[in-house]
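In: Task: produce atomic coordinates for the following.
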Amino acid sequence: MTAPILIFDSGVGGLSVVGALRTHLPGAPLAYVCDNAALPYGTKPDDWLVTRIVAVCRAAVAASGARALVVACNTASTLALNALRENLRIPVIGTVPAIKPAAHASRSGVFGLLATSATVSRPYTQRLIDEFAPDCTVVRLAADPLVAQAERVLTGMAWDDAVIAASLAPLWEASRLDTVVLGCTHFPLLREALERHAPREIAWIDSGDAIARRVAQVVPQVAANIWCDASARDASWASAAQQMGLVRTLAGYGFSAPCSLALPDAVLTF
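Out: Presented below is the predicted three-dimensional model:
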């Protein structure tokens with residue numbers, strides 16, 4: 001079997017990137033790992049998160065034999081990419097808010113960044129805005145409750161309309177806002193709900209396609225070395241493998257039931 005591309009996220013949000021990878025690299029073997037025992041990442045201290053992220057990814061790379069790691073989590077990417085690249089011997093592809101395409105897409109020059117508290121406040125995010133949207137007005141909005149809503153939806157529960165409406169409400173105070181960056185990989189999974197609660201037509205922009213294109217560039221041999229056993233399911237791991245609904249959710253994206261990921265005792269609790 002060909003070594004897989006490993007997708008990592010704090011929860012099931014990275015499945016939005018899996019969809020793009022399967023579209024751009026059909027048949028390529030994938031593996032998935034989620035650190036759902038520590039969800040949500042956006043509210044945890046930076047130092048603890050870096051240690052945790054590195055430990056989870058090292059364990060998952062060893063278990064999967066991955067050829068490349070996709071960090072399908074904006075919080076982890078803006079915080080721990082350098083640490084991951086220092087600790088792993090395979091290519092590491094990160095996820096960053098789609099500021100540049102949003103700046104090009106916005107007709108009014110006013111767009112929103114919908115993300116977790118951690119991503120919204122990162123200096124890295126500010127550098128992206130300074131470089132790619134210096135002449136735009138960027139409405140930054142922390143919407144941590146939407147992470148839990150996306151997890152609910154993918155594990156078979158309905159979203160809470162009141163939570164989604166309250167999370168989005170500050171965006172609509174900017175009357176000229178016409179574009180929103182989905183700066184968390186969980187958020188594209190709520191696209192239907194987000195559109196329903198928008199008071200006008202909004203362009204919603206995420207990073208899934210850009211990540212898939214980058215993977216094809218960084219790991220070009222994957223396109224010429226494809227495993228095509230359509231009857232098989234790709235492997236997955238989770239730090240809380242028994243979470244309700246997780247097996248069904250992962251199966252819907254072509255993954256087998258998750259194995260429990262063994263982690264060092266030092267990073268098991270917060």
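
In: contacting residues around the spatially closest residue to residue 182 that is not a sequence neighbour?
Out: Nearest residue to residue 182, sequence neighbours excluded (C-beta to C-beta, 6 or more residues apart in numbering): residue 206, at 4.2 Å. Yep, even glycine has a C-beta here, placed from its N, CA and C like the rest. Shown in contact with residue 206 (C-beta atoms under 8 Å, 6 or more residues apart in numbering): 16, 98, 181-182, 185, 187-188.

In: quick one, helices of the stretch 51-200 of the chain?
Out: 74-87, 99-105, 117-121, 123-132, 145-154, 161-168, 191-197 (DSSP state H, counting those that start in this stretch).

In: Verify the contact between residue 233 and residue 251 for me.
Out: Yes - Residue 233 is within contact range of residue 251, at 7.3 Å (criterion: C-beta atoms under 8 Å).

In: quick one on the thing from earlier: mind checking which of the helices of the stretch 51-200 of the chain is nearest residue 43?
Out: helix 117-121 (6.5 Å; C-beta to C-beta).

In: outside of that closest one, which residues touch it?
Out: Against helix 117-121 from outside (C-beta under 8 Å, 6+ apart): 41-44, 46, 74-75, 78-79, 97, 113, 125, 140-142, 144, 183-184.

In: Walking through this structure, point out its strands one by one.
Out: Ranges of strands in the chain, per DSSP state E, are 5-9, 30-34, 68-71, 92-93, 110-115, 137-142, 179-182, 203-205, 236-238, 259-260.

In: Can I get those in TSV including distance to residue 55?
Out: As requested, the strands of the chain are exported to TSV (distance: least, C-beta to C-beta, whole Å):
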stretch	distance to residue 55
strand 5-9	12
strand 30-34	12
strand 68-71	14
strand 92-93	15
strand 110-115	24
strand 137-142	26
strand 179-182	28
strand 203-205	32
strand 236-238	13
strand 259-260	15
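
In: As JSON lines, the ones you listed with mean pLDDT and mean neighbour count would be great.
Out: JSON lines is the format used below for the strands of the chain (pLDDT from 0 to 100; neighbours: other C-beta atoms under 10 Å):
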{"stretch": "strand 5-9", "mean pLDDT": "96", "mean neighbour count": "29"}
{"stretch": "strand 30-34", "mean pLDDT": "96", "mean neighbour count": "28"}
{"stretch": "strand 68-71", "mean pLDDT": "97", "mean neighbour count": "25"}
{"stretch": "strand 92-93", "mean pLDDT": "96", "mean neighbour count": "22"}
{"stretch": "strand 110-115", "mean pLDDT": "97", "mean neighbour count": "25"}
{"stretch": "strand 137-142", "mean pLDDT": "97", "mean neighbour count": "19"}
{"stretch": "strand 179-182", "mean pLDDT": "97", "mean neighbour count": "26"}
{"stretch": "strand 203-205", "mean pLDDT": "97", "mean neighbour count": "19"}
{"stretch": "strand 236-238", "mean pLDDT": "96", "mean neighbour count": "25"}
{"stretch": "strand 259-260", "mean pLDDT": "94", "mean neighbour count": "14"}
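
In: Of all those strands, which one is nearest residue 170?
Out: The nearest among the strands of the chain, by C-beta to C-beta, is strand 137-142 at 5.5 Å.

In: quick one, the closest one and helix 123-132 angle?
Out: Compare the direction of strand 137-142 with that of helix 123-132 by axes from the mean of the first three to the mean of the last three C-alpha atoms, to 10 degrees and you get 160 degrees.

In: close enough to count as contact, residue 57 and residue 88?
Out: Yes - using C-beta under 8 Å, residue 57 and residue 88 qualify as a contacting pair, with a distance of 6.8 Å.

In: Counting neighbours, go ahead and name the busier of those two.
Out: residue 57 (25 against 17; other C-beta atoms under 10 Å).

In: Can you flag the buried ones in the contacts of residue 206?
Out: 16, 98, 181-182, 185, 187-188 (16 or more other C-beta atoms under 10 Å).

In: Farthest pair within these?
Out: 16 and 181 (13.7 Å).

In: give me phi/psi at the residue lying farthest from the centre of the chain?
Out: Here the chain reaches farthest from its C-alpha mean at residue 175, the gap being 28.5 Å by C-alpha atoms, centre = their mean. Note on residue 175: backbone dihedrals following degrees, to the nearest 10 are phi -70, psi -20.
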